[in-house]
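# 3D, please:
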Amino acid sequence: MTKPKKISQEDITGARGVALIERIVLQMGFLWTPTNLEAGIDGYIEIRDSATGEVSNCILQVQSKAGSSWFKAEDEKSFEFVCDERDLQYWLGGNAPVILVVSRPDNDEAYWVSIKDYFRDPKTWKDRRIKFDKQTGCFDQNCKLQLANLAIPADSGLYLSAIPRKETLATNLLPVEYPRRIFLASTRFRSRASLAERLCKLTRKPQYDWLLDERFLYSFHDLTFEPWSKVCISSTVENLSTDDWAKSTDIARRRLFVQLMNRCVSELFYRQRVRYSPDKDRYYFQATHDLSPKKIGKLTVFKGYESKTVEGRIAYYRHWAICPQFLYFGMKWYLEVTPTYHFTQDGRKLSAHYAQRMRGIKILERQNKGHLSQVKLWEKVLRQLLIARAKPKAHQRSLFGDDVDEDGEPPEPYTLISFGPLAAFDVNFGITDDAWLPVSDDEQFDPDQRGLFET
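Below is the predicted model:
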């Protein structure tokens, strides 16, 4: 009696693995062509533009391995796959890109790797072992652009439309509102220091949001009122439209407007214990009076770091900082928020290894989350959302901790200029973070990490 034909469960699992690949490839909008051959390649992916329907004749060869038995040394983050020597030689032998997809069809779970990229170094051929990263190596719709970049020659000029998806793009731009009138007047003072000294004698709380250029005083304050009338020639006061300066085509006039706006930002920052470093041209959170860490919400904006070599000694202090810049486009002024850091020896004096400490610290965390949290914090500072508007009770503590003026009062809001929420806009396309922001092991960054110079 002739034995009946049989299909093993292994064959069924293998077919389901290929079917899973086909489904995902079609969801990407690409084409899938199975080979139905036992020659080390299970099918081909042809790159197609989902927006236009155009096919590219650019292909990827695909080898599928399905089933839990292929997942070796597995944990939550990774697993290993050991290649058959003949398969590996075959995959590396041609000139077409080859990807290996290892899957568990029961869980709709699949991971991929580019064979020729992984084994670019011949020294790795002997081991024949591939370590899959479960986070970055998922085979799903999000790897569409990575597959396209792998298949399309760099010099082909072929462009694929962005993935159709609605996204909100956040910017680091704050729209600014400024007073409608600007005042200027002649003055007998010829230096900022001498004029500031005179203001200190005229008022208990002098403000420094004014500009002295040659023999003229510029301000958003009405110069006909005291104490301003005491430091300028009252008969020369001019009351002008600010827009005539802000939107002027005269470069010199716009430069003066921006300088005056920067003075206003300095005043706004000063009230919130944010100081300016002329040496590094940036604003930074002032140290606490006892050099203890300073927190705003859950974010530590000032902190000391101990020496690695001398126990109990502080090697340096790190301050969150900002380099703001006014930009004009679309007939509107914005303040660009660029977070950075400032390093000191004692909360005031610059760190001896400032440049080395800055090196590498600006590497963004994955998906820019660390950078974005800093932008959001500076937005709150600039919009004065953290200022306590009433005197705290004896048992209360303001968001700025010891930030009170000489009378024990919390800082008063600055009113001459104001900022709106961060500008954002919606788009009908997007790019997944994994496609453009790969993070290698040496790029993982801990903002509290310390370097060679932290003695």
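
# longest single strand anywhere in this structure?
strand 55-66 (DSSP state E).

# Next secondary structure element downstream of it?
Counting by DSSP states H and E, the element after strand 55-66 in chain order, helix or strand, is strand 78-82.

# How about residues contacting that next one?
Residues outside strand 78-82 that contact it (CB atoms under 8 Å, 6 or more residues apart in numbering) are 65, 70-74, 100, 102, 111, 128-134. (C-beta placed from N, C-alpha, C; glycine too.)

# Give me the helices and strands touching the helix or strand that it is followed by, please.
Note on strand 78-82: by DSSP H and E, the next helix or strand toward the C-terminus is helix 85-93. Other elements packing on helix 85-93 under the criterion 3 or more CB pairs under 8 Å, 6 or more residues apart in numbering; DSSP states H and E are strand 55-66, strand 98-104, helix 115-118.

# With mean neighbour count added, can I get these in TSV?
Output for these, formatted as TSV (neighbours: other CB atoms under 10 Å):
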stretch	mean neighbour count
strand 55-66	19
strand 98-104	23
helix 115-118	16
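
# now these in JSON lines, with distance to Cys143?
As requested, these are arranged in JSON lines below (distance: least, CB to CB, whole Å):
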{"stretch": "strand 55-66", "distance to Cys143": "11"}
{"stretch": "strand 98-104", "distance to Cys143": "10"}
{"stretch": "helix 115-118", "distance to Cys143": "13"}
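
# a markdown table for the ones you listed, including distance to Leu88 and mean pLDDT?
Below are those laid out as a markdown table (distance: least, CB to CB, whole Å; pLDDT from 0 to 100):
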| stretch | distance to Leu88 | mean pLDDT |
| --- | --- | --- |
| strand 55-66 | 10 | 92 |
| strand 98-104 | 10 | 96 |
| helix 115-118 | 8 | 93 |
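
# With Asp84 as the reference, name the closest of the ones you listed.
strand 55-66 (9.8 Å; CB to CB).

# Partner strands of the closest one and their direction?
strand 43-48 (antiparallel), strand 98-104 (parallel) (DSSP bridges).

# any idea where the strands of the stretch 201-350 of the chain begin and end?
Assigned by DSSP state E, counting those that start in this stretch, the stretch 201-350 of the chain shows strands spanning 210-213, 216-219, 238-241, 274-277, 282-285, 294-296, 299-306, 314-322, 325-329, 332-336, 339-344.

# May I see those organised as TSV, with mean pLDDT added?
TSV is the format used below for the strands of the stretch 201-350 of the chain (pLDDT from 0 to 100):
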stretch	mean pLDDT
strand 210-213	95
strand 216-219	97
strand 238-241	96
strand 274-277	96
strand 282-285	97
strand 294-296	94
strand 299-306	94
strand 314-322	95
strand 325-329	95
strand 332-336	97
strand 339-344	94
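
# thinking again about what came up before, tell me which of the helices and strands packed on helix 85-93 sits nearest to Arg383.
helix 115-118 (46.2 Å).

# Could you pull out the helices in this structure for me?
Remark: helices assigned in the chain by DSSP state H are 9-28, 85-93, 115-118, 144-151, 192-202, 242-246, 251-270, 354-358, 369-382, 433-436.

# Make TSV out of the ones you listed and add distance to Leu60.
TSV is the format used below for the helices of the chain (distance: least, CB to CB, whole Å):
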stretch	distance to Leu60
helix 9-28	9
helix 85-93	12
helix 115-118	10
helix 144-151	5
helix 192-202	66
helix 242-246	54
helix 251-270	52
helix 354-358	42
helix 369-382	32
helix 433-436	16
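
# Mean pLDDT lowest where, among these?
Among the helices of the chain, helix 433-436 carries the lowest mean pLDDT, a mean of 55.

# CA atoms only: put stretch 10-17 into PDB for me.
The C-alpha trace of stretch 10-17 is given here as PDB (Å, rounded to 0.1, in the frame of the first residue of the first chain):
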ATOM      1  CA  GLU A  10       7.400  22.600  10.300                       C
ATOM      2  CA  ASP A  11       6.300  23.100   6.600                       C
ATOM      3  CA  ILE A  12       3.000  24.700   7.700                       C
ATOM      4  CA  THR A  13       4.900  27.000  10.100                       C
ATOM      5  CA  GLY A  14       7.300  28.000   7.300                       C
ATOM      6  CA  ALA A  15       4.400  28.700   4.900                       C
ATOM      7  CA  ARG A  16       2.700  30.900   7.600                       C
ATOM      8  CA  GLY A  17       6.000  32.800   8.100                       C
END
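
# Can you point out the buried residues in it?
13-17 (16 or more other CB atoms under 10 Å).

# closest one to Leu169 among the strands of the stretch 201-350 of the chain?
Taking these one by one with CB to CB, strand 332-336 is closest: 14.8 Å.

# partner strands of that closest one, parallel or antiparallel?
Counting by DSSP bridges, strand 332-336 is paired with strand 173-177 (antiparallel), strand 325-329 (antiparallel).

# so which of the ones you listed is the most packed in?
Of those, the one with the most neighbours on average (mean count of other CB atoms under 10 Å) is strand 173-177, at a mean of 17.

# Can you show me the CA trace of that strand as PDB?
Taking C-alpha atoms only, strand 173-177 is exported to PDB below (Å, rounded to 0.1, in the frame of the first residue of the first chain):
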ATOM      1  CA  LEU A 173       9.700  79.000  18.100                       C
ATOM      2  CA  LEU A 174       7.700  81.200  20.500                       C
ATOM      3  CA  PRO A 175       5.600  84.000  18.900                       C
ATOM      4  CA  VAL A 176       6.300  87.300  20.700                       C
ATOM      5  CA  GLU A 177       4.100  90.300  21.500                       C
END
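
# quick one: average pLDDT of that strand?
97.

# Which residues does that strand contact?
Contacts of strand 173-177 (CB under 8 Å, 6+ apart): 261, 326-327, 332-337, 379, 382-383, 417-423.

# From the chain's centroid, how far away is it?
Counting by CA atoms, centre = their mean, to the nearest Å, strand 173-177 is centred 19 Å from the centre of its parent chain.

# show me what contacts Asp222?
Here Asp222 is in contact with 181, 183, 228, 239 (CB under 8 Å, 6+ apart).
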